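J.: below is the sequence, then the predicted model.
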Amino acid sequence: MKRDLLTKIIVRVMIWKGHFDVRSMHKNTKNARKKNEKLLFKILKTNQDCEYGKKYNFENIKSIEDYRKTVPITKFDDYEPYVTRMIENNEDKLITSLPLVGYAQSSGSVGKRKFVPLTQPEVNIYTKYTVTRMLALANKYHKEKNGKGLKAGRGIFTCPAFDQFLPNGLPCSNVADVAARQLGFVYPYILTVPFNKLFNSEEADSKYMNFRLGLEDPNLLYMFGIFFMNFTDLFKYLENNWETIVDDIETGTISDLGCASEETKAKLSKILKPNPERAAELRKEFKKGFNSTILKRIWPNLSVICGIGTASFVPFAKIARKYTKGIPFDYSIYGASEGLYAAVDETEGKNMLLLVDSCYYEFIPVDDDDSNDNDIVYSLDEVEVGKEYEIIITNQSGLYRYKCGDVVKIMGFKNECPYVMFSYRKGQLLNLTGEKTTEEHMAEVVKKN
């Protein structure tokens, strides 16, 4: 009962914070360029004494024109020598003056692994615009559609933990994992995981654990993942394995399907109890079949599913609809290891509002990319609806005028701030069967089907 009470309090606080952050997100659209440039100069001032800041004379940059003339457009290769020194020699104040809280592992366009530094302000942005934003928008959606907001409950986070650390003790995983591990103290109250950390592959199978623990909670409120592809895999897994999982719920055990270590089994044995009543409820619903109402039948309180389901992930979102009648989608965020760029500002909305408090943005028209990079560069209020641009970012973790390779399409504006949609990643190779297909080509196929 104490856990349920704390869940109610914490989820309500998260919804309140989410509404505050969404209002701030919308407020930032007024005078968006001025606010985005203010962030840039804050970044430059913060980092003027680091090695990179001294090299490019951050202290004396007083205008956007100065910035573009002084600081070159970069790619990750330009930072690799610094990152190597940071990791191997534990050097600091090279590309940022701020302390690092971890590294995000990312693959390059041909599979070369990158280690992207993360500072706390960068991680805070991810925290700000993910789960709390999702809950606030879902609360607003249900109030408008059904006349009442969300009933507090825990959720499922579909991503496993990656317990990888560098010799200096910093986590080295993905941004979601680095950000999530900082919130572990609230996991038992906002997730069905009963501990202050997620399961990793050495401890147990994450799909099994998501359902073994999640199915036992009839008041599940949300499911949160990175991509909708994760959900289609999960739902198919449940369809194939529900009988074993329900048997485990009935007996209060962990079967071999869970691939759990002895240590994990010992920890869970202190918590899990036989639950024949819930098992009977689940069996009744599963035996009716896996149609579009299955999730709502086993979790009547399930109110939102959040994950990236746009661009090349559209087909997976369509597949997920086969199991999710009555449950709205939140199409989440748009970003990469190098930064968070945009987020949806309404449940079921697909266009994403540029986050002016996350990175400083510049845009290169894709048709003009063969020209000198510095010849044609636009600010966020100079882009045109319907056109595509390669996005350049300056983030809060030491990347300056960074050409991440992403091409976005401008879908509209809210005041001065554009709504964007990811189009494709330039030069990205999808080596599915050795054919080396660009993601641009794959995106075109998705659009036509």
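T.: Right, received. Where do you want to start?
J.: quick check: next helix or strand after the helix or strand harbouring M411?
T.: Per DSSP states H and E, M411 falls inside strand 402-414. As assigned by DSSP H and E, the chain's next helix or strand after strand 402-414 is strand 417-425.
J.: list the contacts of that next one.
T.: By C-beta atoms under 8 Å, 6 or more residues apart in numbering, the residues outside strand 417-425 that reach it are 28-29, 32, 109, 310-312, 334, 341-342, 350-354, 356, 380-381, 383, 388, 405-413, 438-440, 442-443. For every residue, glycine as well, the C-beta is placed using N, CA and C.
J.: one more time with 6 Å, if that's ok
T.: Contacts with strand 417-425, where a contact means C-beta atoms under 6 Å, 6 or more residues apart in numbering, come from 29, 32, 311, 334, 342, 351-354, 383, 388, 405-412, 439-440, 443.
J.: what of stretch 9-29?
T.: Taking C-beta under 6 Å, 6+ apart as the rule, stretch 9-29 contacts 35, 128, 132-133, 135-136, 139, 152, 186, 189, 356-357, 414-415, 417.
J.: buried ones in it, by neighbour count?
T.: Residues of stretch 9-29 classed as buried: I10, V11, M14, I15, K17, G18, H19, D21, V22, M25, N28, T29 (neighbour count, 16 or more other C-beta atoms under 10 Å).
J.: stretch 167-186 too?
T.: Buried residues in stretch 167-186, defined by neighbour count with 16+ other C-beta under 10 Å: L170, P171, C172, S173, N174, V175, A176, D177, V178, A179, A180, R181.
J.: which single one of these is nearest to F231?
T.: The closest of the buried residues of stretch 167-186 to F231 turns out to be A176 (C-beta to C-beta; 15.1 Å).
J.: name the SS class of the closest one, please.
T.: Here A176 is helix, with the state taken from DSSP: H, G, I helix; E, B strand; the rest coil.
J.: do the same with the one 3 residues further on
T.: What three-state DSSP gives for A179 is helix.
J.: sorry, back to before: and the buried residues of stretch 167-186 as CSV, adding pLDDT and distance to K325?
T.: Putting the buried residues of stretch 167-186 into CSV (pLDDT from 0 to 100; distance: C-beta to C-beta, whole Å) gives the following:
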residue, pLDDT, distance to K325
L170, 88, 44
P171, 87, 38
C172, 88, 40
S173, 82, 35
N174, 78, 31
V175, 81, 32
A176, 77, 28
D177, 78, 32
V178, 83, 35
A179, 81, 31
A180, 79, 29
R181, 80, 34
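J.: now do L198, the pLDDT please.
T.: L198 is assigned 83 on the pLDDT scale.
J.: would you double-check that it falls in a strand?
T.: No - using three-state DSSP, the assignment for L198 is coil, not a strand.
J.: ok, now which ones touch it?
T.: P160, A161.
J.: make it 10 Å
T.: 157-163, 177, 180-181, 184, 187, 191, 206, 209-210 (C-beta atoms under 10 Å, 6 or more residues apart in numbering).
J.: what's the answer for K284, then?
T.: Shown in contact with K284 (C-beta under 10 Å, 6+ apart): R297, I298.
J.: kindly recompute the last result at 6 Å.
T.: With C-beta under 6 Å, 6+ apart as the criterion, no residue contacts K284.
J.: now do I393
T.: By C-beta under 6 Å, 6+ apart, I393 lies in contact with G339, C359, Y402.
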